[in-house]
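In: below: sequence and its predicted model.
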Amino acid sequence: MTRIYFDNAATTPMDPQVLESMIPFLQTHFGNPSSIYSFGRETRLAIENARKSVAQILGAKPGEIFFTSGGTESDNMAIWSAIEDLGCRHIITSPIEHHAVLHTVQALAKQRQLSTELLRVLPNGHIDLVDLERALAASTERCFVSLMHANNEIGNLLDIEAVGMICEKYNAIFHSDTVQTVGHYPLNFSKTKVHFATGAAHKFHGPKGIGILFIADKVRVNPFIHGGGQERNMRAGTENVAGIVGFAKALELATANLSQDQSHIQALKNYLADQLQAAIPGVQFNGDWNGACLYTVLNISFPRTPQAEMLLMGLDMQGICVSAGSACSSGANQGSHVIQALSNGNEGVPIRFSFSKFNTKEEVDQLLLKLKQLL
């Protein structure tokens with residue numbers, strides 16, 4: 001049975017060219033970048049070349065890019081730094097953030113006796129920016145705002161520039177989880193007024209276990225992981241050289257083919273939406289699916305029937321991989337916190353379809369055929 005993969009918001013298959021770029025650093029160039037002899041110097045050079053490439057693509061300075069183990073570590077580091085080093089005592093976020101943000105905020109707020117506030121979510125899944133301004137204006141303490149650029153479950157895009165300007169007006173620290181948009185949109189961190197932003201290579205056909213944290217020059221923070229002088233004394237531990245090289249290569253490829261990949265993926269998303277609306281009465285699309293939304297994500301609620309309740313398992317048995325929510329919480333047998341935050345969230349059975357450049361129209365046709373059979 002041929003397997004079909006429609007869960008690219010969880011992770012993507014690695015591009016063969018990315019793997020090719022990494023192999024020399026897994027075999028021949030294996031030196032520790034902290035060593036001063038030739039084996040170390042060549043891996044150190046590879047890291048710094050990768051940093052320059054990533055910084056240039058993301059509109060940052062090389063000194064503002066730090067390599068981490070992935071988006072979750074980067075989010076933790078940003079939140080920790082804002083509280084421990086930048087004096088933020090009131091945390092403003094939303095109920096539809098990734099758990100890497102929500103759980104970290106909950107844990108730190110409890111440890112440090114901080115106040116937290118969740119912003120209002122509009123019926124279309126967007127964050128109410130009027131509510132953000134109200135929250136910032138009302139606070140007597142320095143605020144930390146954490147709002148993701150694109151939601152990983154419904155795909156809604158935040159107006160990151162507008163949020164940056166509101167935060168600047170109230171001297172708030174702004175962190176945006178950009179894991180779903182790095183490699184998928186042209187980003188310029190120096191123009192967005194964001195203090196912290198994050199990325200993970202495996203969301204755009206790079207390797208797992210490697211991410212970035214952007215820290216704007218204007219903020220000064222202390223190390224998150226202690227024990228060595230790596231990453232300009234900001235993150236101890238021997239660097240994942242092959243991963244870093246893979247991150248940079250994946251980002252270069254994604255950027256070079258951005259418009260071509262975007263139009264291909266958008267066409268698949270639109271085709272699936274049109275066909276489902278025509279074939280299955282009562283389907284609903286979650287979030288601002290055909291507006292300010294990721295072109296890679298389509299979240300659909302199917303009318304609640306015994307067949308729909310078993311849809312995820314049924315598709316898996318037919319070799320089709322989709323998601324009921326975030327892969328990071330798929331081990332927990334509970335509904336999506338994002339869908340629950342939407343006003344019509346619990347009416348149907350939500351399924352997330354997420355696409356990549358490797359998906360084809362033929363695969364979508366196969367999916368449609370199986371959906372009709374199962375429902």
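Out: That came through, no problem. Numbering: from 1, shown residues only.
In: would you check how far apart the closest residue to Gly282 other than its chain neighbours and Met148 are?
Out: Closest residue to Gly282 apart from its sequence neighbours, by CB to CB, 6 or more residues apart in numbering: Pro303 at 4.0 Å. Heads up, the C-betas are built off the backbone N, CA and C, glycines and all. Distance from Pro303 to Met148, counting by CB to CB, to the nearest Å: 29 Å.
In: with just CA atoms, put stretch 223-230 into PDB.
Out: The C-alpha trace of stretch 223-230 is given here as PDB (Å, rounded to 0.1, in the frame of the first residue of the first chain):
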ATOM      1  CA  PRO A 223      22.700  32.100  28.900                       C
ATOM      2  CA  PHE A 224      19.800  29.700  29.100                       C
ATOM      3  CA  ILE A 225      22.000  26.500  29.100                       C
ATOM      4  CA  HIS A 226      25.300  26.800  31.100                       C
ATOM      5  CA  GLY A 227      28.500  24.800  30.900                       C
ATOM      6  CA  GLY A 228      30.500  26.100  27.900                       C
ATOM      7  CA  GLY A 229      31.100  29.100  25.800                       C
ATOM      8  CA  GLN A 230      29.300  27.900  22.600                       C
END
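In: distance from the chain centre to that stretch, please.
Out: What separates the centre of stretch 223-230 from the centre of its chain is 25 Å, taken as CA atoms, centre = their mean, to the nearest Å.
In: show me the contact partners of that stretch.
Out: 33-34, 73, 76-77, 80-81, 233-239 (CB atoms under 8 Å, 6 or more residues apart in numbering).
In: relative to Gly314, how far out is the nearest residue to Thr305 once chain neighbours are set aside?
Out: If the residues on either side of it in the chain are set aside, Thr305 comes closest to Leu375, at 7.4 Å by CB to CB, 6+ apart. Leu375 sits 9 Å away from Gly314, going by CB to CB.
In: follow-up on the earlier one: closest to Gly319 among the contacts of stretch 223-230?
Out: Glu73 (33.2 Å; CB to CB).
In: quick check, that closest one in contact with Ile212.
Out: No. Using CB atoms under 8 Å, Glu73 is not in contact with Ile212; the gap is 10.2 Å.
In: okay, these two: which has more neighbours?
Out: Neighbour count, other CB atoms under 10 Å: between Glu73 and Ile212, Ile212 has more, with 30 against 19.
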